[in-house]
Every structure is written in structure tokens, then in C-alpha cells.
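Colleague: I'd like to go over a predicted model; first the sequence, then the structure.
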Amino acid sequence: MIGREQNVAGTAGRVDAFGVNPMPEPELGFTPEPEDDPEDYLGHSLLEDVQALIDDGKTYAQAELNYQVTRAAYTADRAKGVAIFGAGAALVAFVAAIALAVGLIIALTPLITAWGATALVVGALLIVAWLMARRALDSLSDIQAAFSDKDSSTRTKP
């Protein structure tokens, strides 16, 4: 019966798969009522409308301020957790590095004596520390160049 012309309850037209006319014809004498009565607007002035708009703007600004304050408080609370757990992770990593150095010394002692193992491990750690310090100084000079009065585009990276 899909798409067949039928007269159902006084309406003529096509029916959908469920046997319902999706666009029933309006009954005779039906006139839509206006949604807004013009009489409702006679007592309002432009000044009252502008004042209502300003009040709405103030309400919006206050809500936005409250939202941003809440957001900042949440961020501060989460940053506290980041600092605490980050410091804890750094401490554990530092202890692990010490344990690794001691373990290397103990493992290398039978091969190159205790003094040789100590010298080798300390020398390797000093080389790593020197390389990291050099990278830190390069980054620091990049920062200084960015804030200097000179043209930083002429500086070349090594």
C-alpha cells in the first residue's frame, strides 16, 4: 500500500510505509493563530530593551568570570599533583641512577679492579654530564639571542 492514493479519515493523499499520511490536509476553517500578540509590545521602549540587553551582558560576564575562576582553581589543584608526583618520579629516577652506578662498579670490579671500575663509571657519568651541560648552555644562548636587540636570524646553529 505504499504510495497508493487513499482517503483516510477525511484526508486524501499519499501514505507512508506505516499507513499514515505524512502531510495531512488542513481541516476547513482552520486558521493558524499568531504566535506573538502585538499588544504585548506596546508598553516596551527601546531604552528598556537596551537595559535588558546590558543586564544580560552583565549576567553573562559574571558567569564567564565564575567559570574562569573555577577553571583556574582546578588547574592549580592539578598542578599541585603534577609537582608532587613529578618530584617523586625525579627522586626515584635519581636513586635508580645511583643504584645503576653502584651496580656497574660492582660488576666491573672483577674485570678491571675496584679502582678501575670506579674510574670508568665516574668518567662515563662525567662525560654524560658534560654533554648535557653543553646542550643546556646552547639552549640558554638561544633564549638569550631571542631576547637580545641584535638580529637573531644571523646566528647559526652548530
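Modeller: Everything's here; your move.

Colleague: drop to CA atoms for contacts and neighbour counts, all remaining ones
Modeller: Fine.

Colleague: Check which residues of stretch 116-133 are buried.
Modeller: 117-118, 120-121 (16 or more other C-alpha atoms under 10 Å).

Colleague: got a list of contacts for stretch 105-114?
Modeller: 115-118, 121 (C-alpha atoms under 8 Å, 6 or more residues apart in numbering).

Colleague: any chance of those in CSV, plus secondary structure?
Modeller: Formatted as CSV, those follow (DSSP: H, G, I helix; E, B strand; the rest coil):
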residue, secondary structure
W115, helix
G116, helix
A117, helix
T118, helix
V121, helix
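
Colleague: L140: which of those residues is nearest?
Modeller: Ranked by distance to L140 (C-alpha to C-alpha), the contacts of stretch 105-114 are led by V121 at 28.5 Å.

Colleague: in the protein, what spans have low per-residue confidence?
Modeller: 1-43, 150-158 (pLDDT under 70).

Colleague: can you give me the strands for the chain?
Modeller: Shown for the chain, the strands assigned by DSSP state E span residues 6-8, 11-13.

Colleague: if we can go back for a sec, among the contacts of stretch 105-114, which one lies nearest to R78?
Modeller: Distances from R78 to the contacts of stretch 105-114, taken by C-alpha to C-alpha, are shortest for V121, at 39.1 Å.

Colleague: contacting residues for that closest one?
Modeller: V121 neighbours (C-alpha under 8 Å, 6+ apart): 101, 104-105.

Colleague: wait, which of those residues is closest to L140?
Modeller: A101 (29.1 Å).

Colleague: Could you measure from that closest one over to A119?
Modeller: According to C-alpha to C-alpha, to the nearest Å, A101 and A119 sit 11 Å apart.

Colleague: Please apply the same query to A146.
Modeller: Applying C-alpha to C-alpha to A146 and A119 gives a distance of 40 Å.

Colleague: now swap in I112 and tell me
Modeller: On the measure of C-alpha to C-alpha, I112 and A119 end up 10 Å apart.
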